[in-house]
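In: Whatever this is, show me its structure:
(one chain, ligands or ions: 1)
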Amino acid sequence: MARPKKKDSPAKVETKTFTVKKCPYCYTYVAVKEMRCEACGKKIGVVDSSGWARKIFDWRAYLGAVVAIAIFLTFYWWAFLSE
Ligand SMILES: [Zn+2]
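Out: Numbering: from 1, shown residues only. Sure, this is the predicted structure:
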């Protein structure tokens with residue numbers, strides 16, 4: 001049975017110096033010091049060891065999704081389960 005090779009643990013990866021990082025949303029190269037992607041306008045974090053910008057957790061989007069689900073469940077309950 002062939003097993004996939006284990007990736008190197010992140011702790012072992014040396015911190016490289018990058019001048020550009022890749023936007024995780026639109027795959028455009030952005031200057032490392034930029035905290036917002038010029039191409040898609042999204043907020044991006046610091047560069048990781050593979051040259052990608054980290055995604056910044058968007059609380060508002062997360063909250064919006066939770067609220068939408070809550071509204072849906074309430075509607076579902078109201079429409080089908082409340083007699
Ligand atoms: Zn982008």
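In: and L63, how many neighbours?
Out: Per other Cβ atoms under 10 Å, the neighbour tally for L63 reads 10. Just so you know, the C-beta spots here come from the backbone N, C-alpha and C atoms, and that holds for glycine as well.
In: Specify the local secondary structure of F80.
Out: helix (DSSP: H, G, I helix; E, B strand; the rest coil).
In: Could I get the pLDDT score of it?
Out: pLDDT recorded at F80 is 89.
In: ok, it to V66 distance?
Out: F80 sits 21 Å away from V66, taking Cβ to Cβ, to the nearest Å as the criterion.
In: How about the contacts made by the residue sitting nearest the centre point of the chain?
Out: When the chain is reduced to its mean C-alpha position, the nearest residue by Cα atoms, centre = their mean turns out to be K55, at 3.8 Å. The neighbourhood of K55, defined by Cβ atoms under 8 Å, 6 or more residues apart in numbering, consists of P24, Y25, I44, G45.
In: Name the nearest of the residues you listed relative to I71.
Out: I71 lies nearest to Y25 out of these, by Cβ to Cβ, at 26.7 Å.
In: Good, wrapping up.
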